[in-house]
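A.B. asks: This is a predicted model, with the sequence first.
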Amino acid sequence: MGFETPDVERKVLSIMKVLSESDGPVGARVVAQHLKDYGVELGDRAVRYHLKLMDERGLTRLVGRRDGRILTEEGVKEVKSALVKDKVGFVISKIELLAFRTDFDFDKRCGAIPVNVSFFPKGKFKQALRAMAPAFESKLCVSDLIAVASEGEQLGDTTVPQGKMGIATVCSIVINGTMLKAGVPMDSRFGGILQIRNRKPLRFVELIDYTGSSLDPSEIFIKANMTSVRQAAEAGDGEILANFREIPSICRPTAEQVVERLKEAGLGGLVLMGNTSEAVCEIPIELNRVGMVLLGGLNPLAAAQEAGIESDNHAMSTVVEYRDLTRFEEL
């Protein structure tokens, strides 16, 4: 981007990320607040200084004195490609942030739940729902609870674009978040493709380590047409999206209680919890650790992709209120 120091360039990139995730013009004060999510502490005045530099380089454009700024086409292009080394590990940071934002209350059945958000063309939405149905019916998803929104409406803090229908599916990070609140430290290791045989998990056939990735593994696998979720749902044999976690073995009793209470609330996602220090689905486990295989929340969207219905998927996108979710079958 051509800024004078790497430190300034990182701050500018963080500001650009905030602007890219906004649905409209954003002012310096709002930018400063959102920068804290990226670990960047800048006051309003400092943000204005950097925004002025960005204006001069054609990366941002002022939309009225009060409305704030938006990214230019050049800015959008730059934020997608700049400082790729800073993006490595971005996925794991996103997991930790959403886990922290999860505050589901088991007893009151309310609170923030992490979701993936996907968009379909309005004319193909009913067809997409039919394609996703087998994955929901076979429980190859974290939950059958979803939220749907039309163009211009909100799913969490995400606005559905014009000409689109949006659907929010529960993300497996709900387990991370509830474990965190219960005092169980969870290590999110990777996303992958899990082979299913006779309706049982067999082994991982593809893996992407979260700490070394700048993109969400599930989005990559869906775009690459590497799943056979519908086949797994209907015939019991196929390859689905799944995630791998580890917890200390001493925490297993608490973890089992959390998983059970999540099930009672219609929030599942656990495929398998292994034994202490024993391999799970051919993945080796360290001493005094327990491996956990979780379903990918985007499996229904993978089924739609397999049917030739493409979607714009945003894994680990935002949080929504549990009470705003409805069962898929009610659609």
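C.D. replies: That came through fine.

A.B. asks: what's Pro148 in contact with, if anything?
C.D. replies: Pro isn't right for residue 148; it's Val. Neighbouring residues of Val148 by CB atoms under 8 Å, 6 or more residues apart in numbering: 165-168, 326, 331. Using the backbone N, CA and C atoms, a C-beta is placed for each residue, glycine as well.

A.B. asks: Give me the subset of those residues lying in strands.
C.D. replies: If you go by DSSP state E, the contacts of Val148 have 165-168, 326 in strands.

A.B. asks: If any of these are buried, put those into a PyMOL selection.
C.D. replies: In PyMOL, this line selects whichever of these come out buried by 16 or more other CB atoms under 10 Å:
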select buried, resi 165+166+167+168
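
A.B. asks: Turn the ones in strands among the contacts of Val148 into TSV, including distance to Val293 and pLDDT.
C.D. replies: TSV is the format used below for these (distance: CB to CB, whole Å; pLDDT from 0 to 100):
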residue	distance to Val293	pLDDT
Met165	31	96
Gly166	28	96
Ile167	25	97
Ala168	23	97
Thr326	27	96
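
A.B. asks: Closest one of the ones in strands among the contacts of Val148 to Asp107?
C.D. replies: Nearest to Asp107 among the ones in strands among the contacts of Val148, counting by CB to CB, is Thr326 at 21.1 Å.

A.B. asks: Distance check, the closest one against Leu145.
C.D. replies: Taking CB to CB, to the nearest Å as the measure, Thr326 falls 7 Å from Leu145.

A.B. asks: domain parsing for this structure?
C.D. replies: Residue ranges for the domains of the chain, per automatic domain parsing: 6-86, 88-331.

A.B. asks: Now do the first one: distance to the chain's middle.
C.D. replies: Which is domain 6-86. 22 Å (CA atoms, centre = their mean, to the nearest Å).

A.B. asks: Need the three-state assignment for Glu246.
C.D. replies: Using DSSP: H, G, I helix; E, B strand; the rest coil, the three-state assignment for Glu246 comes out as strand.

A.B. asks: what's the closest non-adjacent residue to it?
C.D. replies: Of all residues not flanking Glu246 in the chain, Asp187 sits nearest, at 4.4 Å (CB to CB, 6 or more residues apart in numbering).

A.B. asks: hang on, that neighbour packs against Cys251?
C.D. replies: No. With contact defined as CB atoms under 8 Å, Asp187 does not count as touching Cys251 (11.3 Å).

A.B. asks: Check the chain for its longest helix and report it.
C.D. replies: Assignment by DSSP state H gives helix 6-20 as the longest helix of the chain.

A.B. asks: Could you list the buried residues of it?
C.D. replies: Neighbour counts over helix 6-20 (16+ other CB under 10 Å) mark 9-19 as buried.

A.B. asks: ok, of the residues you listed, which one's closest to Lys122?
C.D. replies: Leu19 (27.0 Å).

A.B. asks: Rebuild the buried residues of helix 6-20 as TSV, extending it with pLDDT and distance to Gly39.
C.D. replies: Below are the buried residues of helix 6-20 laid out as TSV (pLDDT from 0 to 100; distance: CB to CB, whole Å):
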residue	pLDDT	distance to Gly39
Glu9	80	16
Arg10	80	10
Lys11	85	11
Val12	85	15
Leu13	83	13
Ser14	86	8
Ile15	90	13
Met16	87	16
Lys17	84	12
Val18	87	13
Leu19	88	17
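
A.B. asks: can you put those in TSV and add distance to Val229?
C.D. replies: Formatted as TSV, the buried residues of helix 6-20 follow (distance: CB to CB, whole Å):
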residue	distance to Val229
Glu9	41
Arg10	38
Lys11	41
Val12	40
Leu13	35
Ser14	36
Ile15	38
Met16	35
Lys17	31
Val18	34
Leu19	35
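
A.B. asks: Show me which of those residues is closest to Glu151.
C.D. replies: Distance ranking of the buried residues of helix 6-20 against Glu151, using CB to CB, places Leu19 first at 21.6 Å.
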